[in-house]
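Student: I would like to see how this sequence folds:
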Amino acid sequence: MAKRKRLTPAQGDYLASPPAPSKGLGPAPIASVAGEAASAAALAEVSSALQAARDEGRLIEALPLDAIAAGHLVRDRIQLDEDEMSALMASLTARGQQTPIEVVRLGEGRYGLISGWRRLTALRRLYEGTGEARFATVKALVSAPESAEAAYVAMVEENEIRANLSHYERARIAHRAVAEGVFETPRAALQGLYGSVTRSKRSKIGSFMGLVEALDDVLRYPWAISEKLGLALVKRLEEGGAEPVRAALAAVDGQGVAEELAALQAVLEPPAAPAREPAVQDKAAKPLPDLTRYDITADLVLRHWPDSRRIEISGGQVDDRLLADLKDWLERR
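Tutor: Numbering: from 1, shown residues only. Here you go, the predicted model:
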């Protein structure tokens, strides 16, 4: 009996292309794990380096202007030179901000200004005036001072380099630092803030601290007080107290720089002797020599006695430079 053949259904893919060759085995599991671990380690190292740079104040960040508290420290800059500010604004417009400010993190997205007050002020003026986005942020080093003393020292050191501060302005920051409890004594403040200046200069700043303590609330233009006038006022305060000086300043309150300097200069001059009525028998007495006074400036007085052929120049502006100019003029006259 013949055997029957089993029939199977037709296969549609019989003549189709052969299956694609196998790609072979994948990478070894150990090599894959090692590569991922190396990438993670590199990323962690970069993140750690960035965080360390940020913590140490070596990373420059762009911060919103309104996030900076400019009054975080008592500033030592009283008078703002508008010509210098205009020049700084022009530089920022042309070249951008080249030097970062220094701030400290206060929390909740706020930062306290340590140094760079002029740059921050200039950027704020530019943003208010133009509305340009490039002026909306400030480049800043976010530092972490070890103490309040370190923050004040950083501010003072920058201004010693970048700003021509008067003795009064330097003394004021030292006085306020003591009042804020940053330093325990005036001597500690002077040494901590101005330890790098000469001993003579530090001594003069210390003398001006007495002027700040006695008159800071009544002076309107203290930055205009010269070194000579300030030291003379300190001596006057030590001898006669502050009330006469405060009264003289109150009399010119609301007036200008020249009037305030003139009032300060006036309290240094000795009071005029009361006029003596001539005695009846003193008819033949020689008349007093004629005197002419010229107030060249609020701090420079010229006196002339024609009869005795005498000229005198006095005031806080009398210094070696004035002497040299006067000598040169007389020689060429």
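Student: Hmm, Ala232 is touching Leu268, no?
Tutor: Yes - if you go by C-beta atoms under 8 Å, Ala232 and Leu268 touch, sitting 5.4 Å apart. To be clear about C-beta, it is placed using only N, CA and C from the backbone, and glycine gets the same treatment.
Student: measure stretch 245-263 end to end?
Tutor: Terminal residues of stretch 245-263 lie 8 Å apart, using C-alpha to C-alpha, to the nearest Å.
Student: Can you pull out the low-pLDDT segments for this protein?
Tutor: For the chain, the stretches with pLDDT under 70 are 1-58, 74-80, 146-147, 157-164, 270-291, 294, 298, 333.
Student: Can you list the neighbours in contact with the host helix or strand of Ala94?
Tutor: For Ala94, the host element (DSSP states H and E) is helix 82-95. With contact meaning C-beta atoms under 8 Å, 6 or more residues apart in numbering, helix 82-95 is reached by Gln98, Arg118, Arg119, Thr121, Ala122, Leu123, Arg125, Leu126, Phe135.
Student: and Ala179, how many residues sit next to it?
Tutor: Counted by other C-beta atoms under 10 Å, the residues lying close to Ala179 total 12.
Student: meant to ask about Glu102, not that
Tutor: Residues within reach of Glu102, counting by other C-beta under 10 Å, total 21.
Student: Contacts only, for it.
Tutor: Residues in contact with Glu102 (C-beta under 8 Å, 6+ apart) are Gly57, Leu113, Ile114, Ser115, Gly116, Ala140, Leu141, Ser143, Ala154, Glu158.
Student: Check whether the fourth one really touches Ile101, as I assumed.
Tutor: What it means is Ser115. Yes - here Ser115 lies in contact with Ile101, judged by C-beta under 8 Å, at a distance of 6.5 Å.
Student: Need the residues touching each of those two.
Tutor: With contacts defined as C-beta under 8 Å, 6+ apart, no residue is adjacent to both Ser115 and Ile101.
Student: Dump the contacts of Glu102 into JSON lines; add neighbour count as well.
Tutor: Formatted as JSON lines, the contacts of Glu102 follow (neighbours: other C-beta atoms under 10 Å):
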{"residue": "Gly57", "neighbour count": "19"}
{"residue": "Leu113", "neighbour count": "23"}
{"residue": "Ile114", "neighbour count": "25"}
{"residue": "Ser115", "neighbour count": "24"}
{"residue": "Gly116", "neighbour count": "25"}
{"residue": "Ala140", "neighbour count": "25"}
{"residue": "Leu141", "neighbour count": "21"}
{"residue": "Ser143", "neighbour count": "21"}
{"residue": "Ala154", "neighbour count": "18"}
{"residue": "Glu158", "neighbour count": "18"}
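Student: Filter the residues you listed down to just the ones in strands.
Tutor: Leu113, Ile114, Ser115, Ala140, Leu141, Ser143 (DSSP state E).
Student: Out of these, the closest to Ala62 would be?
Tutor: Of all the ones in strands among the contacts of Glu102, Ala62 sits closest to Ala140, with 7.7 Å by C-beta to C-beta.
Student: circling back to that earlier point, the contacts of helix 82-95: which two are farthest apart?
Tutor: Gln98 and Arg125 (17.5 Å).
Student: which stretches of the protein form helices?
Tutor: For the chain, helices defined by DSSP state H occupy the ranges 29-55, 82-95, 117-130, 148-162, 167-179, 186-194, 199-215, 227-240, 243-251, 257-268, 320-332.
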